[in-house]
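K.L.:
I need the structure of the sequence given here:
(one chain, ligands or ions: 1)
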Amino acid sequence: MSINTLQIGDVQITGLTDGSVSFDPRILFPDESLDVWAPYYDRFPEYFSGQFFKNNLGSFVFSSDGQRVLVDSGFGPHGDMLGHPAPGELITDFERNGIALDSIDTVFLTHLHGDHVGWNLREDLPERPLSFPNARYRVHEADWNHFTTAEMLDDEDSGAATNRSVLPLEEQGVLDLMDGETELAPGITAFPTPGHTPGHMSLLIASGNERALLIGDMLGSPMQATETELRYSPDWDGPMGVRARNDILDRAENEEAVVIGSHLSYPGWGTMIRWEGRRYWKALQE
Ligand SMILES: [Zn+2]
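P.N.:
Predicted coordinates:
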């Protein structure tokens with residue numbers, strides 16, 4: 001097993017990355033001073049670049065019973081992200097890990113923010129074909145409805161990503177909307193966790209006696225497992241986001257489930273631990 005693979009019962013998970021970006025956390029936590037994060041410098045040294053966050057753009061390939069499910073397709077190579085050039089490494093990372101793009105059966109999009117849909121199409125090729133030619137792409141219908149209103153499509157950031165990377169899926173007939181709990185492959189079930197976006201979904205991986213919860217952007221950083229109540233500006237509904245975050249972390253703790261997140265430290269998985277009465281995310285070591 002390499003550092004970026006994990007086995008949950010019969011389900012194998014490979015952590016991939018579109019790269020990482022460093023940015024001033026006050027962009028996403030506008031109510032907090034930088035001092036809030038200082039107690040975490042020693043705990044998560046890999047997450048900080050000085051006082052800035054070093055945020056992983058994580059994607060995951062789940063293999064179960066001969067089927068492959070990709071979770072999210074990164075930010076892509078477009079323009080800049082939070083003021084820094086987009087790393088755009090996901091296609092290269094597939095090659096590095098020896099995973100053929102045409103071996104993906106399902107592309108599950110946790111939600112439709114631009115850093116989760118960026119490589120739906122081959123933006124590095126002039127014809128821009130689908131990156132995963134044999135896959136159905138799946139997302140909750142509440143996110144489709146939210147992000148495809150005329151108003152949202154006109155929005156400079158979110159609209160650009162939807163126009164470029166999501167609408168073509170519908171036009172090419174490869175998009176399947178979900179309206180609730182949906183089994184994607186044996187042992188892998190998507191379920192709604194609204195708050196970050198209206199149709200944000202998570203995954204329960206249950207196989208043998210082992211469990212994992214892939215929680216997308218319910219944690220935008222490892223620190224939020226402890227600082228669950230802070231206002232996180234990307235959340236569509238702040239109070240709902242806080243409730244959903246607390247609920248899923250309670251569940252992970254009670255069920256001793258591995259927690260996998262889009263922006264947790266690469267490769268993106270860990271467990272909940274308690275230390276002096278507070279809860280922390282702790283990366284799993286091989
Ligand atoms: Zn994200």
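K.L.:
where do the helices of the stretch 101-250 of the chain begin and end?
P.N.:
141-147, 150-154, 156-165, 167-171, 238-254 (DSSP state H, counting those that start in this stretch).
K.L.:
which one of those has the most crowded surroundings?
P.N.:
Counting by mean count of other C-beta atoms under 10 Å, helix 141-147 has the highest mean neighbour count of the helices of the stretch 101-250 of the chain, with a mean of 19. Any C-beta I mention is one placed from the backbone N, CA and C, and that applies to glycine too.
K.L.:
how about the residue nearest the centre of the chain: what's its closest non-neighbour residue?
P.N.:
Closest residue to the average C-alpha location of the chain: residue 262 at 3.0 Å, with C-alpha atoms, centre = their mean. Leaving aside its chain neighbours, residue 262 sits nearest to residue 58 (4.9 Å; criterion: C-beta to C-beta, 6 or more residues apart in numbering).
K.L.:
now do the helix or strand encompassing the one you found, average pLDDT.
P.N.:
Assigned by DSSP states H and E, residue 58 belongs to strand 52-64. Mean per-residue pLDDT for strand 52-64: 97.
K.L.:
with only the CA atoms kept, save whatever helix or strand comes next after it in CSV.
P.N.:
Once strand 52-64 ends, the next helix or strand along the chain (criterion: DSSP H and E) is strand 67-71. Output of strand 67-71 as CSV, limited to C-alpha atoms (Å, rounded to 0.1, in the frame of the first residue of the first chain):
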residue,chain,number,x,y,z
GLN,A,67,-16.6,-0.4,-10.5
ARG,A,68,-14.7,2.9,-10.2
VAL,A,69,-16.3,6.0,-8.7
LEU,A,70,-14.4,9.3,-8.9
VAL,A,71,-15.3,11.9,-6.3
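K.L.:
coming back round to it: wait, the residue nearest to the centre of the chain touches residue 72, no?
P.N.:
Yes: assessed by C-beta atoms under 8 Å, residue 262 is found in contact with residue 72 at 6.1 Å.
K.L.:
who touches both of those two?
P.N.:
58-59, 110, 116, 216 (C-beta atoms under 8 Å, 6 or more residues apart in numbering).
K.L.:
how about those in JSON lines, adding distance to the ion and neighbour count?
P.N.:
Output for the shared contacts of residue 262 and residue 72, formatted as JSON lines (distance: C-beta to the ion, whole Å; neighbours: other C-beta atoms under 10 Å):
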{"residue": "58", "distance to the ion": "9", "neighbour count": "29"}
{"residue": "59", "distance to the ion": "11", "neighbour count": "24"}
{"residue": "110", "distance to the ion": "8", "neighbour count": "28"}
{"residue": "116", "distance to the ion": "6", "neighbour count": "29"}
{"residue": "216", "distance to the ion": "7", "neighbour count": "28"}
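K.L.:
any idea which of the helices of the stretch 101-250 of the chain scores lowest on pLDDT?
P.N.:
helix 156-165 (a mean of 90).
K.L.:
put the alpha carbons of it into CSV.
P.N.:
Taking Å, rounded to 0.1, in the frame of the first residue of the first chain, the C-alpha atoms of helix 156-165 are listed here in CSV:
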residue,chain,number,x,y,z
GLU,A,156,-18.6,36.1,-12.4
ASP,A,157,-17.0,33.2,-10.4
SER,A,158,-19.6,30.5,-9.9
GLY,A,159,-21.3,31.2,-13.3
ALA,A,160,-18.1,30.8,-15.2
ALA,A,161,-17.4,27.4,-13.7
THR,A,162,-21.0,26.2,-14.2
ASN,A,163,-21.1,27.4,-17.8
ARG,A,164,-17.7,25.9,-18.7
SER,A,165,-17.7,22.6,-16.7
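K.L.:
could you name the helices and strands sitting against it?
P.N.:
helix 150-154 (3 or more C-beta pairs under 8 Å, 6 or more residues apart in numbering; DSSP states H and E).
K.L.:
burial measure for the closest residue to residue 264 other than its chain neighbours, as a count.
P.N.:
Sequence neighbours aside, residue 222 is the residue nearest to residue 264 in space, at 5.5 Å (criterion: C-beta to C-beta, 6+ apart). Other residues lying near residue 222 total 23 when counted by other C-beta atoms under 10 Å.
K.L.:
and residue 222, what does it touch?
P.N.:
The contact partners of residue 222, by C-beta under 8 Å, 6+ apart, come to 40, 44, 47, 264-265, 270, 280-281, 283.
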